[in-house]
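A.B. asks: need a structure here:
(chains A and B)
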Amino acid sequence: MQCKDVEVVLEQEGLAPLPDAARAHVAACSHCRGLIADLESIVSLSVQLPAEVEPPARVWVSLRNQLEQEGIIKQPAAVAANGDSSWWHNLANLFRSRTFATVSVGLLIAVAAVIQVSQPPVPAVVKENASAGPSWQIPFAQTRQTLNEQEVDLRNMHLSSTSPVDAALQQNLQQVDDFIADCERHLKADPQDDLAREYLSDAYQQKAELLSAMMDRGRSVN
Amino acid sequence: MGTRLMGCSVTLILAAAAALSSGVTASAAAQRTEKHFTVNGRPVVAIQNVADGRIEVRSSKNPEIVAVANQNSNKISFDMEQVGDRVDVTANILDASAQPQELQTSLLLTVPEETELQLKTENGMIYVEQVRGDMTLESVAGDIHLKDVSGYIIVKTTGSSLVCTQCAGKLDFNSVGGSAQILQPALTNVNLRTTTGNILFDGDFIRTGLYSMRSGKGVVEVRFSGNDSFDLSAKTNMGTVDNQAAAFLKPDSHSKWRFPSKFTHGFIGTFGAGLAKVELSTFSGTIRILKRD
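C.D. replies: Here you go, the predicted model:
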């Protein structure tokens, strides 16, 4: 399976669960991992956006202007009216570019920030209830699930090597897993802690890289 | 009795012969390869080492790259290739069933002072001395020692540590379990990140320099001098801040830095005119700030 095939799978079937062939390719391909990471960031950010709040019109205007300035979209009004290609298809085409996906994440963060600023402060009691209540969601849940599945795949490869490098990788994976558990415990108590979120995000990235390195080694050994 | 003695002697002779022959085999398998590559300007050296062994890079005034590879067995080979001013050195495992000791190697490279390096190894130390140029160094389990190097230095490890002595330029270090020691630096931009390792920065902060040091569980320790000038932010989620230089640090004079949330605690201060910017953070590790005598 090639990168373009993975893009087709993503376009047609969404992020999860990826077929085995696609997962195998993604494990070895940093480009596709990056694309998936970007898409997951977009999805997780969009989940966090409050559905009932409509962003101000100026945000969409600004977004459109930015995209037009960068040449990412052209003739916006005319093409949108054209029935040949749907708006969703255009959007999907746009998201094929990793650069654009990254830009989009940035813009979404900006939009989220605007909404956050424009919202009245939530009373402290409500906040406390929200943080302690059952509605708490594990941050980066999609990433977490994907990486855990990859970890299971790795175990299923039955690596029998006892080389110092494999031992070091195993030990480091355990360290990252422990750290992720620490961060998640902390975030469960304090979901608004941005610094802890940053640490968790970094730890997931390290875990993805570790798993990729271990899978590469597993393939070359077996 | 005489027959038994003779039998013993024969056994001993055979054993000695076997030992000698195995020694001969081992020495015959050990190989040394030396190659010289003439280069112009600033060359690029790329090493991909899947073997277990030390990589050492030193500089000379000569416009050539000398690569010397030693290996313990013939179950591994070195490909050395020159394309223009780029030299690639790659270790290849020829026998997947080889034992770890059979994959032990060492690589010694002598390069022009101005050389770019891309070194990637799994196990075994990387040592680089007196090289000027951008370098990317990656290791899984082998420590990395840099001495008197300058350029944009990118170090990525999983479990191994970095010791950087008299380094100049920019340094980017990222590791899961490795520690970083930065000693007597002249670095203008430093970004150190490790999940469980420790960080030690012992040296001067260059004016207008940016220094970010972050460890998840380890200790982040900074030792500054009386001639320094910097704004400092130390923040931690669950760890502690051991500020042994509180008497020298004024409250933040620029008053624009704020901790990102109420969940973070720590310290913000200024030393001198606050010309450099220093950010220290941990998740659960200790941050220690000291002033050298």
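A.B. asks: Where does the record place the domain boundaries for chain B?
C.D. replies: For chain B, automatic domain parsing gives the domain ranges B:31-121, B:143-293.
A.B. asks: ok, and the closest non-adjacent residue to B:Arg207?
C.D. replies: By the measure of CB to CB, 6 or more residues apart in numbering or on different chains, the closest residue to B:Arg207 outside its immediate chain neighbours is B:Leu275, 4.1 Å from it. Where you see a C-beta, it was placed from the backbone N, CA and C, and this is true even at glycine.
A.B. asks: residues contacting the residue nearest the centre of chain B?
C.D. replies: Nearest residue to the geometric centre of chain B (CA atoms, centre = their mean): B:Ile144, 2.0 Å. Neighbour list for B:Ile144: B:125-128, B:137, B:155, B:157, B:160-163 [criterion: CB atoms under 8 Å, 6 or more residues apart in numbering or on different chains].
A.B. asks: what's the distance between it and chain A?
C.D. replies: The gap separating B:Ile144 from chain A is 14 Å, by CB to the nearest CB, to the nearest Å.
A.B. asks: who's that residue bridged to?
C.D. replies: B:Ile144 has these beta-bridge partners by DSSP bridges: B:Ile126, B:Leu162.
A.B. asks: returning to that earlier point: among the domains of chain B, pick out the one with the most neighbours on average.
C.D. replies: domain B:143-293 (a mean of 20; mean count of other CB atoms under 10 Å in any protein chain shown).
A.B. asks: Report the mean confidence score over it.
C.D. replies: Across domain B:143-293, the average pLDDT comes to 92.
A.B. asks: Straight-line length of that domain, end to end?
C.D. replies: 30 Å (CA to CA, to the nearest Å).
A.B. asks: ok, which residues in chain A are in contact with chain B?
C.D. replies: Proximity of chain A to chain B, by CB under 8 Å from any CB of the partner chain, involves residues A:163-165, A:168-169, A:171-172, A:175-176, A:179, A:182-183, A:186, A:190, A:192-196, A:199, A:202-203, A:206, A:210, A:213, A:221.
A.B. asks: Among these, name the buried ones.
C.D. replies: A:163-165, A:168-169, A:172, A:175-176, A:179, A:182-183, A:186, A:190, A:193, A:195-196, A:199, A:202-203, A:206, A:210, A:213 (16 or more other CB atoms under 10 Å in any protein chain shown).
A.B. asks: Spell out the residue ranges of the helices in chain A.
C.D. replies: Counting by DSSP state H, chain A has helices at residues A:3-13, A:20-28, A:30-48, A:57-69, A:76-81, A:87-94, A:98-118, A:124-132, A:141-156, A:164-189, A:194-221.
A.B. asks: Packing partners of the last one?
C.D. replies: Helix A:194-221 is packed against helix A:20-28, helix A:30-48, helix A:141-156, helix A:164-189, with contacts defined by 3 or more CB pairs under 8 Å, 6 or more residues apart in numbering or on different chains; DSSP states H and E.
A.B. asks: quick check: angle from that helix to helix A:20-28?
C.D. replies: Relative orientation of helix A:194-221 and helix A:20-28, computed by axes from the mean of the first three to the mean of the last three CA atoms, to 10 degrees: 110 degrees.
A.B. asks: So what angle separates the directions of helix A:194-221 and helix A:141-156?
C.D. replies: 30 degrees.
A.B. asks: Helix A:194-221 vs helix A:30-48, what angle?
C.D. replies: Using the same axes, to 10 degrees: helix A:194-221 against helix A:30-48 is 150 degrees.
A.B. asks: Strands along the stretch 151-293 of chain B, start to end?
C.D. replies: Ranges of strands within the stretch 151-293 of chain B are B:162-165, B:168-175, B:180-183, B:186-194, B:199-202, B:210-215, B:220-224, B:230-236, B:240-243, B:250-251, B:265-271, B:276-282, B:286-291, based on DSSP state E, counting those that start in this stretch.
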